[in-house]
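Student: Sequence first, predicted model second:
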Amino acid sequence: MGKSDTVLGFLAGAAAGAVVGVLFAPDKGSTTREKIKDKTEKLGSDVSEGVNHQMNDLKDYISEFVEEVTERFSSLENEVREQAKEAERKGTSAAKGAASKAKSQKQRSKQS
């Protein structure tokens, strides 16, 4: 059971208890209805407050998650660029070496 389920369960239980308490109280009907109305408004306010709190927590979590993913991708992008540059340097160096070796062999074969 999640944190929000626990909060909503608690609020529902509190509301049910309050309504039962008001209904069994020895007051006249108009007073009882007023109490039920007040308790219902309070419960609505509490539920709204709880939902707003949960939404803010969720927004914070999503914001932090997006920031972390963005940082990871940026880091990965930089790493891939560095590896590509290194591969290009190695490839260029190997190509120059092969060209130099071919040129040397060509010159040796001309001298022979």
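Tutor: Now that the structure is in, tell me what you want to look at.
Student: Where does the prediction get shaky in the chain?
Tutor: 1-4, 22-23, 25, 27, 112 (pLDDT under 70).
Student: residue ranges of the helices in it, please?
Tutor: Shown for the chain, the helices assigned by DSSP state H span residues 3-23, 29-111.
Student: who's in contact with the shortest one?
Tutor: Which is helix 3-23. For helix 3-23, the external contacting residues (Cβ atoms under 8 Å, 6 or more residues apart in numbering) are 1, 32, 35-36, 39-40, 43, 46-47, 50, 54. C-beta: built from backbone N, CA, C; applies to glycine.
Student: again, 10 Å this time
Tutor: With contacts defined as Cβ atoms under 10 Å, 6 or more residues apart in numbering, helix 3-23 is touched by 1-2, 31-40, 42-44, 46-47, 49-51, 53-55, 57-58.
Student: Pull out the buried residues from those.
Tutor: Buried residues within the contacts of helix 3-23, counting neighbours by 16 or more other Cβ atoms under 10 Å: 35, 39, 43.
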